[in-house]
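A.B. asks: sequence-free structure coming up:
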């Protein structure tokens, strides 16, 4: 199997995100969608770095890895470096210089690399990775080739699970790619008044959630995972991902789980953005023998609201949401938000 690594420098990603006024994760998500447009099934664990297998794409682009690389580079909107090799680690190294490494040359390509290059792929903390590298260096294991020549039993006995994982990577033994499910294009954003905080910020979150759930793109489906992001007043950005455990379309539930996230904002925010990372099935109504009284009226009202929005758009029915009732500026006392029965 041949694997391509697509990498964008973090400084470039951050600069573009700041110019656009969005979190870097959103900029990278747009880039991933462009790559998926050429047929690439992507694995992505961090912004600025993604992997995909070439096997299913070679037939579409003439059978040559270089043609697939050119297609990926042409689809990208950011400056990217692309390398091709038989494993994730080797593809990542190859991306530094844009190389295509055949399987027959894998050992010679990896052997001279410093072992410290490999330990960065183990998910270790900086101190733990440094200790592992230093111990290997004292024992004369300075390169990836020297590590690959050792037996698994000796490595496990001396370096434990981390050393054994490093050995597998050094030998080109990796698990198959974990292809991601493409993010749903469902998002909502609001701009915030200067100096908003406390209860006002909670009101802003309520408005954001209402807009998010009322978006026609949701089509009645539930939400499984979200990303709450913010553009900060100092020009930076912040984001936090939130899994929900089970699918929901309840505004109350979303506000309850997202509200504590706002406490970790590192600086005052000038805008908030909520984006779906994964959508679930449509919310189903439980069957009942009879529905009477308020519940019956609420359900009929909900049906009517959906019909109006389908015909007139998401902003057809609004309600007044108090934000800062005591403000001397009328525009800051309340805002209009999508009405949800």
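C.D. replies: Sure, I can see it. Quantities reported herein were computed from a predicted structural model and do not represent experimental measurements. Numbering: from 1, shown residues only.

A.B. asks: who touches the closest residue to residue 103 other than its chain neighbours in this structure?
C.D. replies: Excluding the flanking residues, the one nearest residue 103 by CB to CB, 6 or more residues apart in numbering is residue 86, at 4.7 Å. The C-beta positions use only the backbone N, C-alpha and C, and glycine is treated the same way. Residue 86 makes contact with 1-3, 101, 103, 106, 172, according to CB atoms under 8 Å, 6 or more residues apart in numbering.

A.B. asks: The stretch 151-300 of the chain: helices as residue ranges?
C.D. replies: 152-170, 199-213, 251-258, 293-312 (DSSP state H, counting those that start in this stretch).

A.B. asks: Among the ones you listed, show the one with the smallest mean pLDDT.
C.D. replies: For the helices of the stretch 151-300 of the chain, the bottom mean pLDDT is recorded on helix 293-312, which sits at a mean of 61.

A.B. asks: tell me the pLDDT at residue 195?
C.D. replies: At residue 195, pLDDT is 62.

A.B. asks: So this protein: which segments form each domain?
C.D. replies: When the chain is parsed with automatic domain parsing, its domains come out as 1-110, 112-179, 187-338.

A.B. asks: among those, which gets the worst mean confidence?
C.D. replies: Mean pLDDT is lowest for domain 187-338 out of those, coming in at a mean of 76.

A.B. asks: Any idea how far that domain is from the middle of the chain?
C.D. replies: In terms of CA atoms, centre = their mean, to the nearest Å, the centre of domain 187-338 is found 20 Å from the chain centre.

A.B. asks: re earlier: among the contacts of residue 86, who's most crowded?
C.D. replies: Within these, most neighbours by other CB atoms under 10 Å means residue 3, with 24 neighbours.

A.B. asks: re the thing from before, closest to residue 16 among the contacts of residue 86?
C.D. replies: Of all the contacts of residue 86, residue 16 sits closest to residue 3, with 25.6 Å by CB to CB.

A.B. asks: for the closest one, which residues make a bridge with it?
C.D. replies: Per DSSP bridges, the residues bridged to residue 3 are residue 53, residue 85.

A.B. asks: Please report how far it lies from residue 101.
C.D. replies: Residue 3 is 10 Å from residue 101, where distance means CB to CB, to the nearest Å.

A.B. asks: Check the contact lists of these two and give me the overlap.
C.D. replies: 84-86, 91.

A.B. asks: What is the most widely separated pair among those residues?
C.D. replies: Pairwise over the shared contacts of residue 3 and residue 101, using CB to CB, the maximum falls at 84 and 86, 8.9 Å.

A.B. asks: re the thing from before, neighbour-wise, which of the shared contacts of residue 3 and residue 101 leads?
C.D. replies: Among the shared contacts of residue 3 and residue 101, residue 85 has the most neighbours (other CB under 10 Å), with 27 neighbours.
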